[in-house]
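Colleague: Prediction below, plus the sequence it came from.
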Amino acid sequence: SVKRGQEQYNSSTIQPSSLAPSSLLPKRQCPMIVAACNMASVFLSRSKRVTCMVKPQVYVRCVSTLPLPTHFLSSTSRLERKGCNAQEFLKSRSRRICHGQGNYNNFNGGSTSSKRSFSNPSSWESEYEGLIAQRNKNIIMHPEGHSQHILPGNFVLKKNPKTGAEKKVLLEHALGYFWALKELTLTNNKPILSNETIIPAAEAEKFPTLKELVNLHDEVVDIPDFFTRNNPSKDACAQCTLVAISCKDFGAKLLPSWTEPFEKVLCNGKDADKYEVVRITINEGRIAKLLSPFIVSGTKKNVPEKDHANTLLYYGDAEEMRDILRMHNIYTSFIYLVDGIGRIRWAGSGEGSDEEVKSMIEIAEVLTKPQKRVTRQKQLSGPRVGKKVPRD
């Protein structure tokens, strides 16, 4: 059978029925020339002959024991119906696989894998575009920070210096494991820049949903419904909530630079019922839920008792919410102003400066001012519509 196979190689025409006995080849298996290009190093010369780097006897044993991928099996059925040049077949097949046009199947006898298929990249592209569209467009990223380059799924685009081609690489592999600490140094703990003006109501986006948060009174709540619980009329100007988020102790120590001036100026004034401060601590990881009793007891010691109802703790994966709010760096703090219907109207991060805190308080006061109703202006001159005009 090997001798007959070599004669077929010289003629460069594949006829699977005459390559090997049926006892050696399983049912609907590819010829040995196709097995060679998968299980050994094969190169094509400029002539019509296909040269292999190992003995043909090896392929007889391999073909009888190992099945082939489904994209080669489907090609064999076409070759059985009509002759095909071996060199052209291998060149076209290798070109399609290198460009990602072949199926992404397991090497298990033709059964398809549960992984995504390269032949249908539109599903992943549409999903990726959807994740990008969910991000808040009004948040301003620091131009010198690494967070502005992060893609959904914690990937970044890395450019090949020789070819100029770009490919997606894991964040830690591209920027290093301590990229977040480096970014804090580059941005002065501010991966997100504070908005200089209020975000217009027409462009404002709603705060993302996060469920099953627990406050220090052991009550389970959901956000953003928790922010609007005292606004049954759903009036955007009825209240303003300062949402202070942290994931680590270093970020929690930066929050008082925002919350204390806000409470002093607005929460203790004549319109104190319109303003509120909500502190959220995100604890990601499997061990965090097991350590929840120690986390709660430690948080109660650091938070005044009057703020226990508005201090929320979350245990679990919050990657989707952090990606929407561009909270990629978990070592700092993030601040958001939310209006009466749960829309984000201002954002900031890090430690608040005097100018940023002053601007934040002014924007919060603007959010609670009732909007002026537009009235029809009376016509100063000219006849009224429908009134009879006397004739001379």
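Modeller: Okay, I see it.

Colleague: Could you use CA atoms for every contact and neighbour count after this?
Modeller: Noted.

Colleague: just for the stretch 151-300 of the chain, where's the confidence low?
Modeller: Low-confidence segments of the stretch 151-300 of the chain (pLDDT under 70): none present.

Colleague: all strands for it, in order.
Modeller: Assigned strands in the stretch 151-300 of the chain, in chain order: 155-159, 166-170, 192-193, 210-215, 220-223, 240-246, 275-283 (criterion: DSSP state E, counting those that start in this stretch).

Colleague: May I see those organised as JSON lines, with distance to Phe262 and mean neighbour count added?
Modeller: Rendered in JSON lines, the data for these read as follows (distance: least, Cα to Cα, whole Å; neighbours: other Cα atoms under 10 Å):
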{"stretch": "strand 155-159", "distance to Phe262": "36", "mean neighbour count": "17"}
{"stretch": "strand 166-170", "distance to Phe262": "39", "mean neighbour count": "14"}
{"stretch": "strand 192-193", "distance to Phe262": "19", "mean neighbour count": "22"}
{"stretch": "strand 210-215", "distance to Phe262": "21", "mean neighbour count": "17"}
{"stretch": "strand 220-223", "distance to Phe262": "21", "mean neighbour count": "15"}
{"stretch": "strand 240-246", "distance to Phe262": "8", "mean neighbour count": "24"}
{"stretch": "strand 275-283", "distance to Phe262": "8", "mean neighbour count": "20"}
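
Colleague: Turn these into CSV, columns for distance to Gln134.
Modeller: Below are the strands of the stretch 151-300 of the chain laid out as CSV (distance: least, Cα to Cα, whole Å):
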stretch, distance to Gln134
strand 155-159, 16
strand 166-170, 20
strand 192-193, 17
strand 210-215, 14
strand 220-223, 17
strand 240-246, 19
strand 275-283, 20
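
Colleague: So for Arg326, which of those sits nearest?
Modeller: For the strands of the stretch 151-300 of the chain, distance to Arg326 was read as Cα to Cα. The smallest value, 7.9 Å, belongs to strand 192-193.

Colleague: Within its sheet, name the partner strands of the closest one and how each one runs.
Modeller: Each strand that pairs with strand 192-193, with its direction, by DSSP bridges: strand 140-141 (antiparallel).

Colleague: In terms of helices and strands, where is the residue nearest to Pro208 when sequence neighbours are not counted?
Modeller: On the basis of Cα to Cα, 6 or more residues apart in numbering, the spatially nearest residue to Pro208 that is not a chain neighbour turns out to be Met321, at 6.1 Å. Taking DSSP states H and E as the definition, Met321 sits inside helix 319-324.

Colleague: I'd like to know which elements that helix is packed against.
Modeller: In this structure, helix 319-324 packs against no helix or strand, with contacts taken as 3 or more Cα pairs under 8 Å, 6 or more residues apart in numbering; DSSP states H and E.

Colleague: Excluding its own residues, what touches that helix? List them.
Modeller: Helix 319-324 is contacted from outside by Gln134, Arg135, Asn136, Pro152, Pro208, Thr209, Leu210, His328, using Cα atoms under 8 Å, 6 or more residues apart in numbering.

Colleague: Cool, thanks, signing off.
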